[in-house]
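K.L.:
Need a 3D model of the following:
(one chain, ligands or ions: 1)
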Amino acid sequence: MAAQAGPLVDLSIDNDGIAILTMNRPPVNSLNLELLEEIGKSLDEVAKNKTKSMILTSSSPSVFSAGLDIMEMYKPDLKRAEIFWTTLQDVWIKLFGSSYITAAAINGHAPAGGCLLSMSCEYRVMVEGKYTIGLNETALGIVAPTWFMDTMCHTIPIRQAEYALTTARMFTVDEALQVGLIDESASDKADAIDKCKKFIRKFDKIPSLARAVTKQKIREGPLVRLQKNRQQDTAEFLGFLKNPKIQQSLEMYIQSLKQKAAK
Ligand SMILES: CCCCCC/C=C/CC(=O)SCCNC(=O)CCNC(=O)[C@H](O)C(C)(C)COP(=O)(O)OP(=O)(O)OC[C@H]1O[C@@H](n2cnc3c(N)ncnc32)[C@H](O)[C@@H]1OP(=O)(O)O
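P.N.:
Numbers count the residues shown, from 1 in each chain. As a prediction, this is how the structure comes out:
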């Protein structure tokens, strides 16, 4: 993968006081430890500055995020893998449990961890095109953690979530719209951001504390479940990584990605 030039995330506040958090790890925004750390710091910044809302997007022209960086899981240094996983848990807790308004302008593919980040927001607008979104973990021979599943069940009906998770279903933009995995489609990134802003403006006349507490109460179940089981969840992840069959599946998947990229 190409070397990183420039900061891994850009956090700006626009004229309406809305924070725009742009992931910037070319070529595909795969979530490695460093990118997750930077996303986590930006989310802290948004919370600390009491910014009322945040839009999550990507600097790539065709990928929102390719999900977890598979190289963090393939034959890993186990100490780093543990920090990687707890950082991912932190990012999810901060984003899913945030009190400010969140929306994702999904300007490209959003598989696995990319889908998770967008589902952790309250509203999703995806750019039209040949892009797909979904949790495809079973296709890699791995199992999405319970909190990934909880996040999907919080977004689409549980029957659809079970079917999508077990079949590693990647939804087209139209399919995602139909099932409710995204809320709107957009012609391009600017349109996606505009539509996210329109969603955010819906709260202009709603008292912010009432809105925030309502959001946090409705999201409490999945959050408490992970918070109570963090150590076990991390142990399970590390256990998976030590399993030779999982490593074999990851190796085959990496090879297939490299072959596809070389074509
Ligand atoms: C193990 C225990 C349980 C763990 C539970 C956690 C579960 C996992 C959640 C995850 O997020 S796993 C990651 C799943 N992600 C994917 O399956 C996506 C794979 N990528 C793609 O499908 C495509 O890259 C794309 C996102 C559709 C973009 O396609 P595009 O044609 O634009 O780019 P490519 O040519 O395919 O890729 C460019 C370059 O990036 C490398 N790469 C792609 N995705 C990843 C990734 N997730 N991690 C690391 N590297 C990735 C790809 O190999 C190419 O590399 P080079 O050949 O240029 O070196």
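K.L.:
so which strand or helix has residue 103?
P.N.:
For residue 103, the element it lies in under DSSP states H and E is strand 101-106.
K.L.:
quick one: that strand to chain centroid distance?
P.N.:
Once both centres are worked out by CA atoms, centre = their mean, to the nearest Å, strand 101-106 turns out to sit 10 Å from its chain's centre.
K.L.:
Tell me which helix or strand comes right after it.
P.N.:
Sequence order places strand 110-111 as the next helix or strand after strand 101-106, per DSSP H and E.
K.L.:
longest helix in this protein, by residue count?
P.N.:
Longest helix of the chain, by residue count under DSSP state H: helix 220-242.
K.L.:
Next, the angle helix 220-242 makes with the helix or strand that that one is followed by.
P.N.:
Under the assignment DSSP H and E, the closest C-terminal helix or strand after helix 220-242 is helix 244-262. Interaxial angle, helix 244-262 versus helix 220-242 (axes from the mean of the first three to the mean of the last three CA atoms, to 10 degrees): 90 degrees.
K.L.:
Send over helix 244-262 as CSV, restricted to the C-alpha atoms.
P.N.:
Extracted C-alpha coordinates of helix 244-262, given in CSV (Å, rounded to 0.1, in the frame of the first residue of the first chain):
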residue,chain,number,x,y,z
PRO,A,244,-4.0,-20.9,12.2
LYS,A,245,-7.3,-21.4,10.2
ILE,A,246,-8.1,-17.7,10.6
GLN,A,247,-4.6,-16.7,9.6
GLN,A,248,-4.9,-19.0,6.5
SER,A,249,-8.2,-17.3,5.5
LEU,A,250,-6.7,-13.8,6.0
GLU,A,251,-3.7,-14.8,3.8
MET,A,252,-5.9,-16.0,1.0
TYR,A,253,-8.0,-12.9,1.3
ILE,A,254,-4.9,-10.6,1.1
GLN,A,255,-3.7,-12.6,-2.0
SER,A,256,-7.0,-12.1,-3.7
LEU,A,257,-7.0,-8.4,-3.0
LYS,A,258,-3.4,-8.1,-4.3
GLN,A,259,-4.3,-10.0,-7.5
LYS,A,260,-7.4,-7.8,-8.0
ALA,A,261,-5.3,-4.7,-7.5
ALA,A,262,-2.6,-5.9,-10.0
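K.L.:
which residues touch the residue nearest to the spatial centre of the chain?
P.N.:
Most central in the chain under CA atoms, centre = their mean is residue 117, positioned 1.6 Å from the mean C-alpha point. Applying CB atoms under 8 Å, 6 or more residues apart in numbering, one finds that residue 117 lies in contact with 31, 56, 64, 65, 91, 95, 104, 110. (Each C-beta comes from the backbone N, C-alpha and C, glycine too.)
K.L.:
mind listing the helices for the protein?
P.N.:
Ranges of helices within the chain are 33-48, 78-96, 113-120, 146-153, 158-167, 173-179, 189-201, 208-218, 220-242, 244-262, based on DSSP H.
K.L.:
by contact count, what packs against the fourth one?
P.N.:
Translated: helix 146-153. Applying 3 or more CB pairs under 8 Å, 6 or more residues apart in numbering; DSSP states H and E, we find helix 146-153 packed against helix 78-96, helix 113-120, helix 158-167, helix 220-242.
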